[in-house]
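Task: produce atomic coordinates for the following.
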Amino acid sequence: MLHPSYTDLINVANSEVEPGEQPVVQSRYSIVLATAKRARQIIAGEDPMVPAAPGKKPLSMAVQELYEGKVRILSDEQEEEEETGAEEVKTEE
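Predicted structure coming up:
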């Protein structure tokens, strides 16, 4: 079993959505795309925002970052508002 579960990750990603608004993440596919993109960023040399234990893989770090709220998934509207507009996964600093 995957820990945290897809349901937990979707709930975390949608935690900032106001009631009545459309959720940012509506499927497992969105979670998979976002964590894969963040894992590629870590592989490319970006520093992970969670402790990197020996043998911990970039995808595991990306899932943990998302679960802890260190990265967030932007909706299409939020992405357009951002100046860069090119990244789906933004890091919170």
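
Give me the spatial nearest neighbour of Lys70, chain neighbours excluded.
In this structure, Lys70 finds its nearest non-sequential neighbour in Met49, 4.2 Å apart by C-beta to C-beta, 6 or more residues apart in numbering. Any C-beta I mention is one placed from the backbone N, CA and C, and that applies to glycine too.

how about the strands of the chain, start to end?
71-73, 89-91 (DSSP state E).

Which of those strands comes out lowest on mean pLDDT?
Within those, confidence is poorest for strand 89-91, with a mean of 58 (mean pLDDT).

mind checking how far Leu9 is from Lys57?
Between Leu9 and Lys57 the computed distance is 17 Å (C-beta to C-beta, to the nearest Å).

Between those two, which has more neighbouring residues?
The neighbour comparison of Leu9 against Lys57 (other C-beta atoms under 10 Å) goes to Leu9, with 22 against 12.

how far away is that one from Asp47?
Between Leu9 and Asp47 the computed distance is 22 Å (C-beta to C-beta).
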